[in-house]
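[1] Need coordinates for the following:
(one chain, ligands or ions: 2)
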Amino acid sequence: MSDILHNPDLSNDWDRTGLPAWSFFSEEMLECEKDLLFRRHWQLVCHVSDLRDPGDFITLDVVGDRALVVRGKDGVVRAFHNLCRHRGSRVVAEESGNCKSVIVCPFHGWTYNLDGTLRGAAQPKTLPDLDSKEYGLKPIDIDIWNGFVFVRFLPGPQPSITKILSRFDEELSQYRLDALLPSGDGFHATELDANWKCVRDVDNEGYHVPLAHPGLQDLYGAHYYDEPFQDGTSRSFAKFNEDDGRLWSVKNYKNILQAPEYLDAEHKDAWLYIGVFPNLVFSLYPDSVNFYQEFPREIGKTIQRGGTYRLADEDRRMKLARYLSGRIDNITSKEDEQLIEWTWEAAFSSGYDGVILSDLELGVRSYHDILRQHFPVLNEDKPSEGKLASRNKALLNGGD
Ligand code: FES
Ligand SMILES: [Fe+2]
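    Ligands and ions are numbered 1, 2, ... in the order given. From the prediction side, this is the model:
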């Protein structure tokens, strides 16, 4: 058994199969995933530093739901459905910006205060009296963890993000996440031609690093290890290789990086990844903190979104280091995009016969195990047409 997993107890007879092929192609499965996972689990929107002034807002679309996060005049950050109470238009069209002291719906001009209450309808005499609270923007659950703002569209099974990530408190506290600042590059989003679960399947293992990611291999290939999902979170740690690096970006990155003195020796020359079920990864570097997440659009189309935050005390040298780590990451993402699309394509082949996972891909299985808890239907043959949601519900309620 490889000790790279830090899991000496792992026996050889764990289930090395993946998800059933039908789960990638089923429209009914996708609808269930939207409802049970994406709407009912915390979704990262931004960092409070993206919302510096009253009226600053960020919007995020997730499987048909739309979040608007805005800082009020009182300094409080609130989250609402980006949904006008008149006829359902977006009240804010842009991804980010400042709406001054009032949110004006672009359809007919109803206005809302920054705390969500209705300020006024356009031509109010043509409407009955409208209570400002009752007809205010609908709030959604919000949770702020170390400055990172999460929303949840419907009640769900997860505890607070603070609780979910508490096992990493000690390790993460040294990164001073509260004080991070936006990189200034906004959020990036890419559409991938694959089912969203293919993105997770590629991302949840480091077995492919030596061949598929020359940059990462050059940076930390000798020391990378994954810790599979446990209570909804995973951890991967990658201490840099001892040598100077061979590739241009890696060599220069290692040369230029002077890690902050507040990071301990273990983390000064390492990249740390923290995964949060179902669709989020933080990557914590000595020069920056990044996140990426994915949302399904269709069974074969997925949006991958991400952002980068810089250190509060970033100097020119650290900025250059951040540029170089970003360069390594951009190349890695392109490499992963290809692997994700090949993973998706594989299932269309008449010769495709499922997968067999290596010990170094236990992270994939550990993620599937959580999915299977939410979707016990994954342990069965494809349910007959129109029956997936009800079958899953019956299984969740203890039926057989
Ligand atoms: S839909 Fe917003 S004002 Fe009409
Ligand atoms: Fe990868």
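[2] Was I right to think residue 231 contacts residue 168?
    No - between residue 231 and residue 168 no contact is recorded; they are 11.1 Å apart, counting by C-beta atoms under 8 Å. (C-beta placed from N, C-alpha, C; glycine too.)
[3] Next one: the residue of the stretch 151-300 of the chain found nearest ligand 1 from residue 35, what distance?
    Using C-beta to the nearest ligand atom, the closest approach of the stretch 151-300 of the chain to ligand 1 is made by residue 153 at 19.8 Å. To residue 35, residue 153 is 10 Å away according to C-beta to C-beta, to the nearest Å.
[4] neighbour count winner among those two?
    residue 153 (22 against 14; other C-beta atoms under 10 Å).
[5] show me the contacts for that one.
    Residue 153 sits next to 39, 40, 43, 62, 65, 67, 81, 140, 141 when contact means C-beta atoms under 8 Å, 6 or more residues apart in numbering.
[6] redo that, cut-off 10 Å
    34-35, 38-41, 43, 62-67, 79, 81, 140-141 (C-beta atoms under 10 Å, 6 or more residues apart in numbering).
[7] Any buried residues in stretch 57-74, and which?
    57-63, 65-72 (16 or more other C-beta atoms under 10 Å).
[8] Mutual contacts of residue 153 and residue 35, please.
    residue 63.
[9] picking up where we left off before, tell me which two of the buried residues of stretch 57-74 sit farthest apart.
    Farthest apart among the buried residues of stretch 57-74 by C-beta to C-beta are 63 and 72. That separation is 27.0 Å.
[10] thinking again about what came up before, neighbour count winner among residue 231 and residue 168?
    Set residue 231 next to residue 168 and count neighbours by other C-beta under 10 Å: residue 168 wins out with 15 against 12.
[11] Phi, psi for the more buried one please.
    Dihedral angles of residue 168 (phi, psi; degrees, to the nearest 10) stand at phi -100, psi 10.
[12] hang on, isn't it packed against residue 237?
    No - the criterion here is C-beta atoms under 10 Å, and residue 168 misses it with residue 237 at 11.2 Å.
[13] what touches both of those two?
    Common neighbours of residue 168 and residue 237 (C-beta under 10 Å, 6+ apart) are 272, 274.
[14] which of the contacts of residue 153 come close to ligand 1?
    Restricting those to those near ligand 1 by C-beta under 6 Å from any ligand atom leaves nothing, as none qualifies.
[15] Among those residues, name the ones in strands.
    43, 62, 65, 66, 67, 79, 81, 141 (DSSP state E).
[16] Taking these together, which two end up most distant?
    Within the ones in strands among the contacts of residue 153, two members stand farthest from each other by C-beta to C-beta: 66 and 141, at 14.7 Å.
[17] residues contacting residue 324?
    248, 249, 250, 251, 252, 253, 254, 255, 256, 257, 287.
[18] Now do the SS call for it.
    helix (DSSP: H, G, I helix; E, B strand; the rest coil).
[19] May I have the secondary structure class of the residue lying closest to residue 255 once chain neighbours are set aside?
    Counting by C-beta to C-beta, 6 or more residues apart in numbering, residue 255 lies nearest to residue 244, which is 7.3 Å off, once chain neighbours are set aside. Three-state call for residue 244 (three-state DSSP): coil.
[20] I figured residue 244 hits residue 219, correct?
    No - contact criterion C-beta under 10 Å: residue 244 and residue 219 do not qualify, at 11.0 Å.
[21] Run through the bridge partners of residue 284.
    Assessed by DSSP bridges, residue 284 has beta-bridge partners residue 272, residue 289.
[22] That one and residue 110, how far apart?
    With C-beta to C-beta as the criterion, residue 284 and residue 110 are 42 Å apart.
[23] Would you mind telling me which of those two has more residues around it?
    It is residue 110, of residue 284 and residue 110, that has more neighbours when counted by other C-beta under 10 Å, with 24 against 21.
[24] buried sites along stretch 119-135?
    121, 130, 135.
[25] Among these, which one sits closest to ligand 1?
    residue 121 (7.4 Å).
[26] just checking, what packs against the host helix or strand of residue 391?
    Element membership for residue 391, per DSSP states H and E: helix 388-396. Where contact means 3 or more C-beta pairs under 10 Å, 6 or more residues apart in numbering; DSSP states H and E, helix 388-396 is packed against helix 27-33, helix 362-374.
[27] so the last one versus helix 388-396, what angle?
    Right, the one you point to is helix 362-374. Between the axes of helix 362-374 and helix 388-396, defined by axes from the mean of the first three to the mean of the last three C-alpha atoms, to 10 degrees, the angle is 90 degrees.
[28] mind saving the C-alpha coords of helix 362-374 as PDB?
    The C-alpha trace of helix 362-374 is given here as PDB (Å, rounded to 0.1, in the frame of the first residue of the first chain):
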ATOM      1  CA  LEU A 362      -9.500   7.000  -3.400                       C
ATOM      2  CA  GLY A 363     -10.500  10.600  -3.300                       C
ATOM      3  CA  VAL A 364     -12.800  10.000  -6.300                       C
ATOM      4  CA  ARG A 365     -14.500   7.100  -4.500                       C
ATOM      5  CA  SER A 366     -14.800   9.000  -1.200                       C
ATOM      6  CA  TYR A 367     -16.600  11.800  -3.000                       C
ATOM      7  CA  HIS A 368     -18.900   9.200  -4.700                       C
ATOM      8  CA  ASP A 369     -19.700   7.800  -1.300                       C
ATOM      9  CA  ILE A 370     -21.100  11.100  -0.200                       C
ATOM     10  CA  LEU A 371     -23.000  11.400  -3.400                       C
ATOM     11  CA  ARG A 372     -24.400   8.000  -2.900                       C
ATOM     12  CA  GLN A 373     -25.700   9.000   0.500                       C
ATOM     13  CA  HIS A 374     -27.700  11.800  -1.100                       C
END
